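Participant: just to be clear, the model below is a prediction. Sequence and coordinates:
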Amino acid sequence: MRAARSKLDALLALLNSAAQEVIAEYESMGGVPSTDSAHPLDAKPPTVALRNALRILEGACEQLCTTLAPPAHTLLNVSGTYLFPLGI
């Protein structure tokens, strides 16, 4: 039980670290994204550092959600990606 908790804590630390890297990278490019304004990268491409940090953030988010959600919930989310666009 403790091993599972420590793995989740490590995943949360990875999420926080990656999110902080993404925010710092945006700040160095001139602005952090907001739901209230245009995205800072609408006019320029992302840097390699930003793409790498985003890849880690997305992977860690997916792993955390998959770990904590009940299997049926995860299966429905994954299958919806394939079935709903087809109108099934």
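Facilitator: That came in fine, so what should we check first? Numbering: from 1, shown residues only.
Participant: and the pLDDT at residue 85?
Facilitator: Looking at residue 85, its pLDDT stands at 62.
Participant: what segments of the chain are helices?
Facilitator: Listed in chain order, the helices of the chain (DSSP state H) span 2-29, 48-68, 71-83.
Participant: from residue 25, how far off is the most centrally placed residue in the chain?
Facilitator: In the chain, the centroid-proximal residue (CA atoms, centre = their mean) is residue 58; its distance is 2.8 Å. In this view, residue 58 and residue 25 are 15 Å apart by CB to CB, to the nearest Å. Heads up, the C-betas are built off the backbone N, CA and C, glycines and all.
Participant: for this structure, give me the ranges with low pLDDT.
Facilitator: Along the chain, the parts satisfying pLDDT under 70 run over 81-88.
Participant: dump the helices of the chain to a markdown table, plus distance to residue 35.
Facilitator: Listed next are the helices of the chain as a markdown table, based on distance: least, CB to CB, whole Å:
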| stretch | distance to residue 35 |
| --- | --- |
| helix 2-29 | 14 |
| helix 48-68 | 17 |
| helix 71-83 | 23 |
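Participant: and of those, who's closest to residue 40?
Facilitator: helix 2-29 (6.1 Å; CB to CB).
Participant: which helices and strands does that closest one pack with?
Facilitator: On a contact count with 3 or more CB pairs under 8 Å, 6 or more residues apart in numbering; DSSP states H and E, helix 2-29 meets helix 48-68.
Participant: who's in contact with the helix it packs on?
Facilitator: 8, 11-12, 14-15, 18-19, 21-22, 25-26, 29, 46, 74 (CB atoms under 8 Å, 6 or more residues apart in numbering).
Participant: now the two most distant members of those residues.
Facilitator: Maximum distance among the contacts of helix 48-68 (CB to CB): 34.1 Å, for 29 and 74.
Participant: can you tell me how far residue 51 is from residue 70?
Facilitator: Taken as CB to CB, the span from residue 51 to residue 70 is 32 Å.
Participant: who has more neighbours, the two?
Facilitator: A count of neighbours by other CB atoms under 10 Å puts residue 51 above the other of residue 51 and residue 70, at 12 against 8.
Participant: phi, psi for residue 37 please.
Facilitator: In terms of degrees, to the nearest 10, the main-chain angles of residue 37 are phi -150, psi 180.
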